[in-house]
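A.B. asks: coords please:
(chains A and B)
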2 protein chains.
Amino acid sequence: MEEVSLVGSKLGMASLTSDHSSIVSMNLFVALLCACIVIGHLLEESRWMNESITALLIGLCIGIIIMLNTQGKTSHLLVFSEDLFFIYLLPPIIFNAGFQVKKKQFFRNFMTIMLYGALGTLVSFVIISSGIKFIFSKMNLGPLEIGDYLAIGAIFSATDSVCTLQVLSQDETPLLYSLVFGEGVVNDATSVVLFNAIQNFDLSHLSSGTALHLIGNFLYLFILSTLLGILVGLLSAFVIKKLYFGRHSTDREVALMMLMAYLSYVLADFFYLSAILTVFFCGIVMSHYTWHNITEGSRVTTKHTFATLSFVAEIFIFLYVGMDALDIDKWGVVLRESPTKSVELSSILLALVLIGRAAFVFPLSFLSNLTKKSPHEKVTFRQQVIIWWAGLMRGAVSMALAYNQFTRSETKVRKNAFIITSTITVVLFSTVVFGLMTKPLVRLLLPSPKQLQHFSSMTSSEPSSPKSFVVPLLGNGQSPGGNGTVARPSSLRMLLTTPSRTVHYYWRKFDDSFMRPVFGGRGFTPYVPGSPTERDNP
Amino acid sequence: MEEVSLVGSKLGMASLTSDHSSIVSMNLFVALLCACIVIGHLLEESRWMNESITALLIGLCIGIIIMLNTQGKTSHLLVFSEDLFFIYLLPPIIFNAGFQVKKKQFFRNFMTIMLYGALGTLVSFVIISSGIKFIFSKMNLGPLEIGDYLAIGAIFSATDSVCTLQVLSQDETPLLYSLVFGEGVVNDATSVVLFNAIQNFDLSHLSSGTALHLIGNFLYLFILSTLLGILVGLLSAFVIKKLYFGRHSTDREVALMMLMAYLSYVLADFFYLSAILTVFFCGIVMSHYTWHNITEGSRVTTKHTFATLSFVAEIFIFLYVGMDALDIDKWGVVLRESPTKSVELSSILLALVLIGRAAFVFPLSFLSNLTKKSPHEKVTFRQQVIIWWAGLMRGAVSMALAYNQFTRSETKVRKNAFIITSTITVVLFSTVVFGLMTKPLVRLLLPSPKQLQHFSSMTSSEPSSPKSFVVPLLGNGQSPGGNGTVARPSSLRMLLTTPSRTVHYYWRKFDDSFMRPVFGGRGFTPYVPGSPTERDNP
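C.D. replies: Below is the predicted model of the structure:
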């Protein structure tokens, strides 16, 4: 934020303005954001591109232009700042993902998501750490401490949830989307535990006690973060329900929802929890309860505002990473010494990322399929390939972690320079190349979107409309006819045949008889078609 | 921004987190914002209070609590930062004011607004500067430079547009609202010129050449700032109209409107213009053209989002000023030496503010009334009293200017400490006391809102609906029946009887035949009831 906040003073006087060149940067940056949106809109129909790759490429181009104009002195308008990323850009993206996620899909695959996110990240971490330890010593780059190897493992195990949102479509491939994105969110909680472990435990002798401690730590973090998110979400629902005495105050409702969502994020930070998990669950709860307690104007506004903020933040991040990638300070040491070695290291890291992910996606999918009885519910091999591929992108989280670990003390140290530049290369390569190839890969491996949608709704046996699901169980005399859905009495028996259905049934009962009367939700205010999880206006 | 951006890292680890106490501050601050909104909602029906005074008082209380808890070491969670104010909080407020302003009312009273804003600010500036020069030497506070006296004049001539928005209601008193708020916006441009003059001209001998230079400077600044705002607004309308090929992309539209509004602000800063004027006119143009080119979802979203952002920014500012007011560093010198002198100085400044405003409101209203033929159009004495009173508040702009001028070199110098603390006192006193008394004063001097609305719509001879105004002139066969308004043919003759009507008529003609086909606007997309200037959902 330092650079941005330098821009000064509405009075526009040279003497008052902190630094005119930072105003220039800010102008350029806002103009570039606008350009990315317009170009992204024009390229929407394209087979390969998506908005984030466009932004990344535009950022790279502008970086080169700036570098040429300043005779190679600088390439960026803004320096990559962890704070800017974690405080302003990440929260709206993750919150919006929770707010718009298809809840049923997410909770139905909860166990699989946990397997991928927790165990999978651990497998990937172990493979990358041990791989890099083996190779680093052979590359003559000087020895690293054990903590550094583990940090590299953690850095390259961090999936880029933001990129996942862009390459997979919730409407076209709901099952894959919820698996890969859900994994990304759980992955974050695992990263926190891993980093904590790396920095606090005595790593020279790992025992079974350490492992138990790690597992306990993870469970503590996961459960508390989730609970905090749910709590803040419920609080917002309760406050807004109580305040709504027939008096309309759309601005207050929208403001309260935004502020309380953000509050959940900073509260998690305050309690040393995983803020991403917290804000994600806060989003889920807000879309389930709070969203139904507000006026229709507020509903439309919150749905689009959260989506827009998330959208702008995503473009911002990719533009930013693209521009920062060419920073000459970081490349200086590497280019002077041995550019080939940097390429070598990057390739090895990319290979390790590929192997590390394959090593858990296929075995864990096999395990997960064993628990499923119906063949419709199993994850097919083609789907497994897509899950493997779509989670390969490494993004801003990896960058932020790498900066944090390897630029703290000595910025120009040889080995640090190599690791930082390799991280940049891996991030750029995986985002651009893997990202570009995801859309075609999905189309190659899976049937066309129309068929696919049918297919995935089969695999999850999801009723065609959530209402037809609620009404027979509720039996509260609410007429569904107005929305064109017909209650299917046979679905009730079908629902109770599998255990996950049973859990869901009891949850519905609890939700209807206790939660909704207190916190509001659909059924207690007139039903309005187009809840944030149903109507999509991209 | 420094304090806020210190809050670090989503990873929530002690070692990564920049400073845990700043996370505490941030948590408290977000929670307080939520509390202010809820309390403001509960107090909405109150006769005296409004949201900003509530926030100010809550800020003061929390300041006292923090001071007691830290044994008087500190009273604030965040330090007042000019950048935070001018870069993040002010733009949404002013943009939203332009976006939601009743355009007809504003342009009809344009000359009166210019008189108040330009000439009036100058009169007030001269009176306060010369008054303080006369008194300061008698108070034994040490001599000031001529530039300092003039700066004090400028600081206390800066009306608080934000507070005006809160104490006057656009719906209840449209004429007064547009006069006082419009004056506040023009006042900003005048402040820029005055500050430029104070810092760049040789002030020891003012000649007629200097005056001419000042006037030229003001016109240059005013015209260019306005043009820039209009240009960016039209560009946004054009881009969105061209992009809208039947494909709906609500998020992109909303994002583009937000970013381009912000772009106009930073562009004005870049060209050393009055960013407030620019973003205000950008808001007007966007609500006239761009808003009609977007999907209905985007319309609802932008209207409420801009209002919400502005609403939160307002509360933020007042909470912030309230907390910062007790800063012990600034009060230390004053309290040790002579508290009575500070009270004395504050009272004198308040008196000068009262006199300085009276000295231009009444004479200029008299002048303005001379040009009006119909008695309905004249500003009555009672209305003049309200205009005088409602513009007395001094707010964050005054604070920011005072900090800028008097804390640059020596923070603890005696005279600077006195001026800073007096500024805080004047801001607090004028906002709380004058602010609290505005609502009752309006009710005392003017008839009840119902009558008032009728009365004011008489004074401006405004047609009951803008549509009835457009349709007879347009004659484009568009049926207004669907919206329940009936075209009144007699209004056409009536419109042409006065010159301001004539200007308006030709503008309409130009707008319909040239501007709207290029930039869009009402009539080129299906009419949707509830434009941002018509439907209010507070």
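
A.B. asks: and the spatially most central residue of chain A, what pLDDT?
C.D. replies: Most central in chain A under CA atoms, centre = their mean is A:Ser161, positioned 2.9 Å from the mean C-alpha point. The model reports A:Ser161 with a pLDDT of 71.

A.B. asks: Next, the contact list for it, please.
C.D. replies: A:Ile93, A:Ile94, A:Ala97, A:Phe181, A:Gly184, A:Val185, A:Asn187, A:Asp188, A:Ile276, A:Val397 (CB atoms under 8 Å, 6 or more residues apart in numbering or on different chains). Every C-beta, even on glycine, is put in place using the N, C-alpha and C of the backbone.

A.B. asks: surely A:Val123 meets A:Ala359?
C.D. replies: Yes - between A:Val123 and A:Ala359 a contact is recorded at 5.5 Å, counting by CB atoms under 8 Å.

A.B. asks: any idea how far the residue nearest to the centre of chain A is from chain B?
C.D. replies: 12 Å (CB to the nearest CB, to the nearest Å).

A.B. asks: Kindly report the same for A:Tyr505.
C.D. replies: Counting by CB to the nearest CB, the gap from A:Tyr505 to chain B is 35 Å.

A.B. asks: Next: A:Lys439.
C.D. replies: Going from A:Lys439 to chain B by CB to the nearest CB gives 18 Å.

A.B. asks: Would you mind confirming that that residue is in contact with A:Asn50?
C.D. replies: Yes - counting by CB under 8 Å, A:Asn50 is a contact partner of A:Lys439 at 7.3 Å.

A.B. asks: list residues touching both of those two?
C.D. replies: Joint contacts of A:Lys439 and A:Asn50 (CB under 8 Å, 6+ apart) are A:Val167.

A.B. asks: mind pulling up the phi and psi values for A:Asn109?
C.D. replies: phi -100, psi 20 (degrees, to the nearest 10).

A.B. asks: doesn't A:Val180 make contact with it?
C.D. replies: No - the criterion here is CB under 8 Å, and A:Asn109 misses it with A:Val180 at 10.7 Å.

A.B. asks: start to end distance for stretch A:108-116?
C.D. replies: 14 Å (CA to CA, to the nearest Å).

A.B. asks: Please read the previous query as pertaining to stretch A:98-112.
C.D. replies: Stretch A:98-112: ends 18 Å apart by CA to CA.

A.B. asks: what about that stretch and chain B, touching?
C.D. replies: No - figure legend: stretch A:98-112 not in contact with chain B (CB under 8 Å from any CB of the partner chain); closest approach 11.2 Å.

A.B. asks: Can you get me the centre-to-centre distance for that stretch and its chain?
C.D. replies: Offset of stretch A:98-112 from its chain centre (CA atoms, centre = their mean, to the nearest Å): 14 Å.

A.B. asks: got it, and stretch A:127-135?
C.D. replies: For stretch A:127-135, the distance to the chain centre is 26 Å (CA atoms, centre = their mean).

A.B. asks: Check what contacts that stretch and list those residues.
C.D. replies: Against stretch A:127-135 from outside (CB under 8 Å, 6+ apart): A:144, A:149-150, A:152-153, A:156-157, A:348-349, A:352-353, A:355-356, A:359.

A.B. asks: Likewise for stretch A:337-355?
C.D. replies: By CB under 8 Å, 6+ apart, stretch A:337-355 touches A:124, A:127-128, A:131-132, A:135, A:139, A:141, A:152, A:156, A:334, A:392, A:394, A:414, A:418-419, A:421-422, A:425-426, A:429-430.

A.B. asks: let's see 7 Å
C.D. replies: Stretch A:337-355 has contacts (CB atoms under 7 Å, 6 or more residues apart in numbering or on different chains) with A:127-128, A:131-132, A:135, A:139, A:156, A:334, A:392, A:394, A:418, A:421-422, A:425-426, A:429-430.

A.B. asks: Write a PyMOL command that selects only the buried members of these.
C.D. replies: Buried residues within the contacts of stretch A:337-355, by 16 or more other CB atoms under 10 Å in any protein chain shown, are selected in PyMOL with:
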select buried, chain A and resi 127+128+131+132+135+156+334+392+394+418+421+422+425+426+429+430
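
A.B. asks: Whatever helix or strand A:Ile315 lives in near chain B at all?
C.D. replies: Using DSSP states H and E, A:Ile315 maps to helix A:296-324. Yes - legend: contact between helix A:296-324 and chain B by CB under 7 Å from any CB of the partner chain is shown at A:Gly297, A:Ser298, A:Val300, A:Thr301, A:His304, A:Thr305, A:Ala307, A:Thr308, A:Phe311, A:Val312.

A.B. asks: Closest one of those to A:Cys61?
C.D. replies: A:Cys61 lies nearest to A:Val312 out of the residues of helix A:296-324 next to chain B, by CB to CB, at 20.0 Å.

A.B. asks: Just give the number of residues close to that closest one.
C.D. replies: 23 (other CB atoms under 10 Å in any protein chain shown).

A.B. asks: Quick one: low-confidence residue ranges for the stretch 301-450 of chain A.
C.D. replies: A:327-330, A:332-333, A:407-413, A:447-450 (pLDDT under 70).

A.B. asks: Helices of the stretch 201-350 of chain A, start to end?
C.D. replies: Per DSSP state H, counting those that start in this stretch, the stretch 201-350 of chain A carries helices over the ranges A:208-243, A:250-270, A:275-288, A:296-324, A:328-337, A:339-371.

A.B. asks: among the residues of helix A:296-324 next to chain B, which ones are buried?
C.D. replies: By 16+ other CB under 10 Å, the residues of helix A:296-324 next to chain B give A:Gly297, A:Ser298, A:Val300, A:Thr301, A:His304, A:Thr305, A:Ala307, A:Thr308, A:Phe311, A:Val312 as buried.

A.B. asks: now, which of these sits nearest A:Gly233?
C.D. replies: A:Ser298 (15.9 Å).

A.B. asks: got a list of what the closest one touches?
C.D. replies: With CB under 7 Å, 6+ apart, A:Ser298 has these contacts: A:Thr250, A:Glu253, A:Val254, B:His304.

A.B. asks: what do you get if the cut-off is 10 Å, keeping everything else the same?
C.D. replies: By CB atoms under 10 Å, 6 or more residues apart in numbering or on different chains, the contact set of A:Ser298 is A:240, A:244, A:248-257, A:290-291, A:305, B:300, B:304, B:308, B:537.

A.B. asks: do the same with A:Phe125
C.D. replies: Contacts for A:Phe125 were tallied using CB under 10 Å, 6+ apart; they are A:150, A:152-158, A:190-191, A:194, A:198, A:356, A:360.
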